[in-house]
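A.B. asks: Below are the sequence and a predicted model; questions follow.
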Protein chains: 4
Amino acid sequence: MNASTSPAPRLRLRVDRLPMAHPGDLSALAGLFDAGAVPPEQVVAVIGKTEGNGGINDFTRGFFTQTLMHLLAARTGRPAAELLRTVPCVLSGGTEGVLSPHYVVFSRGPARAGGAADAGGALAIGTAVGAPLPAHALGRWTHVRSVAAAVRAAMADARIERPEDVAFVQVKCPCITSARAQAALAAGHGVVSADPGRSMAYARAAGAFGAALALRELPDDPALEAALLADFDIHCDRASVSSGVEVEADEVIVLGHSPAWSGPLRMATAPMRDALDIDAVGAALAPLGIAPALQVPAADRARIAAAFVKCEPDRRGAIRGQRHTMLEDTDINAQRHVRGAVGGLVAGVLGDGRIFVSGGAEHQGPDGGGLIAVIGTTPSGLRPPPSRGGAGGPAKPDPRRPG
Amino acid sequence: MNASTSPAPRLRLRVDRLPMAHPGDLSALAGLFDAGAVPPEQVVAVIGKTEGNGGINDFTRGFFTQTLMHLLAARTGRPAAELLRTVPCVLSGGTEGVLSPHYVVFSRGPARAGGAADAGGALAIGTAVGAPLPAHALGRWTHVRSVAAAVRAAMADARIERPEDVAFVQVKCPCITSARAQAALAAGHGVVSADPGRSMAYARAAGAFGAALALRELPDDPALEAALLADFDIHCDRASVSSGVEVEADEVIVLGHSPAWSGPLRMATAPMRDALDIDAVGAALAPLGIAPALQVPAADRARIAAAFVKCEPDRRGAIRGQRHTMLEDTDINAQRHVRGAVGGLVAGVLGDGRIFVSGGAEHQGPDGGGLIAVIGTTPSGLRPPPSRGGAGGPAKPDPRRPG
Amino acid sequence: MNASTSPAPRLRLRVDRLPMAHPGDLSALAGLFDAGAVPPEQVVAVIGKTEGNGGINDFTRGFFTQTLMHLLAARTGRPAAELLRTVPCVLSGGTEGVLSPHYVVFSRGPARAGGAADAGGALAIGTAVGAPLPAHALGRWTHVRSVAAAVRAAMADARIERPEDVAFVQVKCPCITSARAQAALAAGHGVVSADPGRSMAYARAAGAFGAALALRELPDDPALEAALLADFDIHCDRASVSSGVEVEADEVIVLGHSPAWSGPLRMATAPMRDALDIDAVGAALAPLGIAPALQVPAADRARIAAAFVKCEPDRRGAIRGQRHTMLEDTDINAQRHVRGAVGGLVAGVLGDGRIFVSGGAEHQGPDGGGLIAVIGTTPSGLRPPPSRGGAGGPAKPDPRRPG
Amino acid sequence: MNASTSPAPRLRLRVDRLPMAHPGDLSALAGLFDAGAVPPEQVVAVIGKTEGNGGINDFTRGFFTQTLMHLLAARTGRPAAELLRTVPCVLSGGTEGVLSPHYVVFSRGPARAGGAADAGGALAIGTAVGAPLPAHALGRWTHVRSVAAAVRAAMADARIERPEDVAFVQVKCPCITSARAQAALAAGHGVVSADPGRSMAYARAAGAFGAALALRELPDDPALEAALLADFDIHCDRASVSSGVEVEADEVIVLGHSPAWSGPLRMATAPMRDALDIDAVGAALAPLGIAPALQVPAADRARIAAAFVKCEPDRRGAIRGQRHTMLEDTDINAQRHVRGAVGGLVAGVLGDGRIFVSGGAEHQGPDGGGLIAVIGTTPSGLRPPPSRGGAGGPAKPDPRRPG
């Protein structure tokens, strides 16, 4: 969490993608600790997919987090409450269809001695937790700025200097529960929405705008507050934002490439233009040297360390001209629908169900679509993916239309 | 329905894939009738995907069927009740995720005058409706034989002589509702299962075995009754079977290639080995001359007339070693889960959500997987796909292990 | 539907509560026709409970309606399309818990010859269908007035002169589908809400206000439009309103007492103050001479012809101080929750699951509660229930707080 | 847990019914500890209702339990793992409809000095945890005997000598997960069912038979194993059994009346004959001196300390002759349906949503029904309810038909 002063020793990221038998099962991580493979104090962040419903009443996230913090507390001697504030644990509920419950543990340690420096650096990680935000600030420009500050802090922590070297920004925002909304109203404050589901959407939008602000894709213009959940041409193609009742401050994880890091890990990100955009999967794999003709070959599959997807049911009710029924289904939540479908698509190409597929992609990638990010190892001295997450191209002249 | 006596005039199949705004909306077909594009009396079968839940209490299928039969009755002058017995209407409920409600209308008319005969023939269709079966016969060998007889009748109707020229067999079987089970028990007959969901599975299994029997992949050995829902190494890779409360007799649609037919339509089928088998999509497209590198190009997409998929949640609880949660979800039915995921996968490659994705793939393709079949037009004098549905290879020596 | 000119012969209402095996099963009604018990042309309205989910994508209502209209058309010789416009068929989807799929058929014929006139008259029915309303008028004061006009027309049809003799007003309103909203917007009209679920709520609110207007509980003040879905102290305790995609004009059924009618049927209505208000069940039974100490005795149960309930999950998240979880459940729709619970409560007292329990009770009874109405036969010359639905008391001085 | 040696000091039970904001919220209990109202070491059992779906994939139970054990460990200094084995925590997931998430804490301490002994004693509690059972023993007679032994141990712990003084037996049994089933099969052992849901039902049945055995309502006849889930005329009207993946040994809580206890608490139990049996609610209230005419008056409501209900959807598909749809609903689990309905019924009479309503009532009360138990305080020297749970009557001559 603390950005070191230079000349700092070079760092190395380790990524472990682990199975869980249920949301309270962290035995796989405990096993890595027991074996000495991962020093507990080197764990800096966790991103995972638990098997709840992904909605307001999904408590698998809280259960996993409580279990994780108890485990880290027991192994590091630090209080669980302090760990909760400093080690971001971002979970998405819902393992619909072929998706498999799993969690990705990011641990950060010194580079191996004697290794030659990678020419362009390697995959780096940094984290930050913002200040607690009152309910009435959520989903507003204050919130956007707060997220941006946290993203910048996480970049510094990762020793990433240039925004274009950032590959992926994961944000977890608080939302406005019924209780919080009533407390705010009782204190004389308005909230952006008293509907919990709607407030989660606003919080995700603010998270995406905050990431765009930190990545210099948007100006710091409070007038843009009106664009939240309104102008979907504004989107950040490297931001993945969740929102949940279980956090009270924004948690940020930044992944990108930095010369201060070494090791074989690289990451690439690509926008998905809709729920059928399978070519985006190819675009996120290409910078890693993987070019599937349908499914990724087994040899390449072994090089994929983790994958992250944001998606959403197209709000206009159709995909490429064909009506979909996700938004009008009283039985299955629309986010569960889209996670299942896009999860199937991406899992089909990757040949693996361990994918972080998260709904609620407002402003995170193209409207009606989302984005995909992949972490992989490179067998040889392959350089990092090009800046701007591998999906780049020239910097956009109008920062308000980054997409 | 009636196989003509030879020398019969050559035939031509027309396939229309039409949208619906709701399960009672057949305005698109009425429009084709109004425009004279499709003579109502040439409609021989309909396969569609309605937006219900696909379970016992899915009434979108009955609603669509009633509406269709009223429309055909009004346009042909034939009684709706008679049409119901002679025009198979096979519907799968559940348009999870990116799937789009739609229906495929098969109409059968004389070949166009003056057209040169296609060397290997063209896509042919035949239908048959079996005799009504009592509840206690469902899911047993009597049922298997009854389906096989209907498949043979449909082959004759399609003028397909060789089993290896059959590309796809669609069967719709009755199931055992609680009421039917109690009536059977009151009459002194046992039923294969009093659980409606389980009886649907048995009916689908019997449908798959019946298709295999007619296609000479299985011997007519009543001892094989014990293999129903037990030995999943036995599967028919060209059978797609549904089961529902709304039918009382087996309905069969056979599609294949026959020199008695002309026109540009061809069909290919491939088994899917599990819910991630995206390469099977490629295998079903290859005989049509389509080789996607991820998504099918737009020009080729226009040549795809319809697609049919069978799939199921792997009963062993894992896919390629990763645990899935479909079978232990109290909130979402497992079939809805798998349709959403495999629908996303196939739709991603085809670039289109109008796919018939049906769960309950017992013995229809490999265990834990299923199959995919695609109808497409050929721009030039491309020959039909190779026999055995395009996925074939040499005839299997042991007919009990056709997979 | 046609108000007769006086001196008209006295009328008599018949109420049949019939089971259905599925939403397309009207065999019980066909049986009554076959037996000559009910002349088909005397059927003036149907209210029923089908086994869908009660949401936007519940097609059991459309299926039942189509089947009913085909049956009536076949038996009366009138076109189905005309019947659809003149015979209100109000259905509520969702038979959660102990609720049983059923429908109540109201038929209207001449009084039996030679019968002595009941002192205070008997239960009367009248119906009306309003003019089709454009999407942009729904949920606004124009809509309120349109409903009120239809209620007055239905009262005249029922030969009920005084508003206080009305016992129950059933209204079915159109709602704004995504397609209708987009069409309205394209034509330059704003809609009250583009969210289908929200527009259904507005339509129900307008229906309740319209009933209150016709019953002289509210003034015709367009400024009250702002109270729709905002001031829940305004409610009509005799209005039951549904909303659905399948209607394009308001359909109204009025039930009440009139000296122009004879027979043993009476009706009483009582507001429910919340989802636990079991005493309201007793209040609606008392005017019928039924005073249960918990469950209604079997002898009295036989006298109950039909029961109608409106209810909703308390929007404040608690009932009598205890948190409920209906509004934050991603798995089960909140309306399904409350129908199940209130259905259980009422069914427990009545000892019967055939109850029309409908969610979405905005302004229909107290906020967070709803209302209950019961039709029963009286064994002797019992007078009709007191005016104002049996739950009355003195007329309220302030019509905007009808209590 | 420890049966004291005589002459032991008299004991006193305290019952606290506490709200929770989410399944990890035990702040209300922590508050009682902080205030000194409840000494943490006196907590002997917890029964609660969490807001999950109540199915296999309901993790709210595990989350609550983990949180409880951490809290007790922090306050008592005993290891959490030991507490887990000695303090039964029985949770039922699913707060459908009007049900409110809550938990009932039972604490056991010395009787207050100077109090006069209650003539017939007072409500007593005892607990026991059985030995861990292998998967292949679950749902068999071995399991029945194991439960019976634990019930007898809990009776001794409660100082209840006569079976007829037992009012309520709560059992929590392990079930057979997919993993446990495969492990057992790999070790050469058959399991009663490899289907997790079915195994839960068998475990509940064995729990009910075990309670009946200990209460001398059934003989210890292994031939009765065949009656498990088969002969539903055998039922224990004082047993409430849950089953879940989170326990590996049977946990038992016995409540009843004993002269060794003092205080105002009493308990009564009554069987429910079906999901509409509201009169059973009255039967369970009568021994407490509460006779509601519909809803319990407010003064009496304050005397009710806790209520427990077991129920289930009638397996024959109808209730009192009317078809229900719980068992054929693909969207909502049947147990969720019935909990919602019966919860509404009981909450309506009690005027309170804090009721432990648990599905899966096999052999616990009449077939298709279940049972209800109520704990209340008595204002004066009211004697305990009559033996056999207040619903008694003369001892049944044939112990195999206890109902």
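C.D. replies: Cool, the structure landed.

A.B. asks: hang on, residue A:31 is in a helix, isn't it?
C.D. replies: Yes. According to DSSP: H, G, I helix; E, B strand; the rest coil, residue A:31 belongs to a helix.

A.B. asks: so how many other residues sit close to it?
C.D. replies: Residues near residue A:31, counting by other CB atoms under 10 Å in any protein chain shown, number 12. Every residue, glycine included, has its C-beta placed from N, CA and C.

A.B. asks: Give me every residue in the stretch 1-150 of chain A lying close to chain C.
C.D. replies: A:53, A:54, A:55, A:56, A:57, A:58 (CB under 8 Å from any CB of the partner chain).

A.B. asks: Leaving aside the residues adjacent along the chain, what's closest to the second one?
C.D. replies: In this case it means residue A:54. Nearest non-adjacent residue to residue A:54, counting by CB to CB, 6 or more residues apart in numbering or on different chains: residue A:94, 3.4 Å away.

A.B. asks: The one you found - how many residues pack around it?
C.D. replies: For residue A:94, using other CB under 10 Å, the count is 28.

A.B. asks: any idea how far it is from residue A:311?
C.D. replies: Distance of residue A:94 to residue A:311, given as CB to CB, to the nearest Å: 12 Å.

A.B. asks: rewinding a little: tell me which residues touch the residue nearest to residue A:54, please.
C.D. replies: Residue A:94 makes contact with A:49, A:51, A:52, A:53, A:54, A:58, A:335, A:336, A:339, A:357, A:359 under the criterion CB atoms under 8 Å, 6 or more residues apart in numbering or on different chains.

A.B. asks: Quick check: phi and psi on it?
C.D. replies: Backbone torsions of residue A:94, given as degrees, to the nearest 10, read phi 110, psi 100.

A.B. asks: Now do the same for it: its pLDDT.
C.D. replies: On pLDDT, residue A:94 comes in at 88.

A.B. asks: which residue ranges form the helices in the stretch 1-150 of chain A?
C.D. replies: Along the stretch 1-150 of chain A, counting by DSSP state H, counting those that start in this stretch, helices occupy A:27-34, A:60-76, A:80-86, A:141-158.

A.B. asks: what about the second one, near chain B?
C.D. replies: This points to helix A:60-76. No. Helix A:60-76 lies out of reach of chain B by CB under 8 Å from any CB, never closer than 10.6 Å.

A.B. asks: and that helix, what other elements does it pack with?
C.D. replies: helix A:27-34, strand A:43-50, helix A:80-86, strand A:89-93, helix D:60-76 (3 or more CB pairs under 8 Å, 6 or more residues apart in numbering or on different chains; DSSP states H and E).

A.B. asks: list the buried ones in it?
C.D. replies: The neighbour-count check on helix A:60-76 (16 or more other CB atoms under 10 Å in any protein chain shown) flags A:60-73, A:75-76 as buried.

A.B. asks: tell me the contacts of residue A:183?
C.D. replies: For residue A:183, the contact set (CB under 8 Å, 6+ apart) comprises residue A:135.

A.B. asks: Can you report phi and psi for it?
C.D. replies: phi -60, psi -40.

A.B. asks: what do you get for residue A:54?
C.D. replies: Torsion angles, degrees, to the nearest 10, at residue A:54: phi 80, psi 0.

A.B. asks: Tell me how many other residues surround it.
C.D. replies: Using other CB under 10 Å, residue A:54 has 28 other residues around it.

A.B. asks: Could you verify my assumption that it touches residue A:337?
C.D. replies: No. Counting by CB atoms under 8 Å, residue A:54 does not reach residue A:337; the two are 10.9 Å apart.
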